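Asker: Okay, sequence plus prediction incoming.
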Amino acid sequence: MKDVTPARFSLFAAGINKPSSQRPYKQGTLEDVYCWMNSMKMMQLTEQLRGIKDEKEQKLFKASFLPFATFSGTFAYRNQNGLLQHSGLLCFDFDHLGGNENLWKARHLLEQDRYFETMLMFTSPRGDGVKWVTHIDLSRGSHEKWYRAVRNYLLLTYGLEADSAPANVASACFLCWDANMVINPSFQLF
């Protein structure tokens, strides 16, 4: 039988640039994130962010008001030297996909991939990209090797170019509301 122990990772309160936000708010699971992201407060924050037209103001709002996660592990503090335990998860960020049609095409391709299982997927906070979380087998390679390999695979297979920053194990992923969020069925609440 497949191990269904939920992967644990660090969750951080809003204010990524505050010194106090370099320490996790708590540890969480995909189920915790799913519940948090589906809250009315997250919906209001996401709608407020997407209503801002200036890109600099959007970035400032996101950094000030959105909570974030380090899906790849639990941390004492948000720095690769602060890693306590790797979660076995990788988070990929596909920015500026060029409209709704491309965004939904990317989501479909990622969800249907035969090699990498979607653990969590949602539209990015600003509404123009996709965040995709999948799992890896760390007995077969390091975080960085897996990240580069999967990133190259996605580019060669689907033409999807993921941001290179999450190759760092401590990379932050801003959380937001998404009515069409996808969570792996083994973590569904229903």
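Answerer: Done, it's in. Residues are numbered from 1 along each chain as shown.
Asker: Return the residues in contact with Ala165.
Answerer: The neighbourhood of Ala165, defined by Cβ atoms under 8 Å, 6 or more residues apart in numbering, consists of Asp93, Ser171. In short, each C-beta sits where N, CA and C put it, glycine included.
Asker: measure it to Ala172 for me?
Answerer: Separation of Ala165 from Ala172 (Cβ to Cβ, to the nearest Å): 9 Å.
Asker: got it, and Trp146?
Answerer: Summarising the geometry, the distance separating Trp146 from Ala172, computed by Cβ to Cβ, is 18 Å.
Asker: same check, this time on Cys91
Answerer: Cys91 sits at a distance of 9 Å from Ala172 (criterion: Cβ to Cβ).
Asker: where exactly do the helices run in this structure?
Answerer: Along the chain, the stretches classed as helices by DSSP state H are 30-37, 40-51, 55-65, 100-112, 143-158.
Asker: mind saving the C-alpha coords of the fourth one as PDB?
Answerer: Read that as helix 100-112. As requested, the backbone C-alpha atoms of helix 100-112 are provided in PDB (Å, rounded to 0.1, in the frame of the first residue of the first chain):
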ATOM      1  CA  ASN A 100      -6.400  32.600 -20.000                       C
ATOM      2  CA  GLU A 101      -6.200  30.200 -22.900                       C
ATOM      3  CA  ASN A 102      -2.500  29.500 -22.300                       C
ATOM      4  CA  LEU A 103      -2.900  29.400 -18.600                       C
ATOM      5  CA  TRP A 104      -5.600  26.700 -18.900                       C
ATOM      6  CA  LYS A 105      -3.600  24.800 -21.500                       C
ATOM      7  CA  ALA A 106      -0.600  24.700 -19.100                       C
ATOM      8  CA  ARG A 107      -2.800  23.500 -16.200                       C
ATOM      9  CA  HIS A 108      -4.200  20.700 -18.300                       C
ATOM     10  CA  LEU A 109      -0.800  19.600 -19.500                       C
ATOM     11  CA  LEU A 110       0.600  19.500 -16.000                       C
ATOM     12  CA  GLU A 111      -2.400  17.700 -14.500                       C
ATOM     13  CA  GLN A 112      -2.300  15.000 -17.200                       C
END
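Asker: which residues make contact with it from outside it?
Answerer: By Cβ under 8 Å, 6+ apart, the list of residues contacting helix 100-112 from outside reads 94, 97, 116, 118, 121, 123, 128-130, 132, 154, 158, 160, 180, 182.
Asker: All good on my end, thank you.
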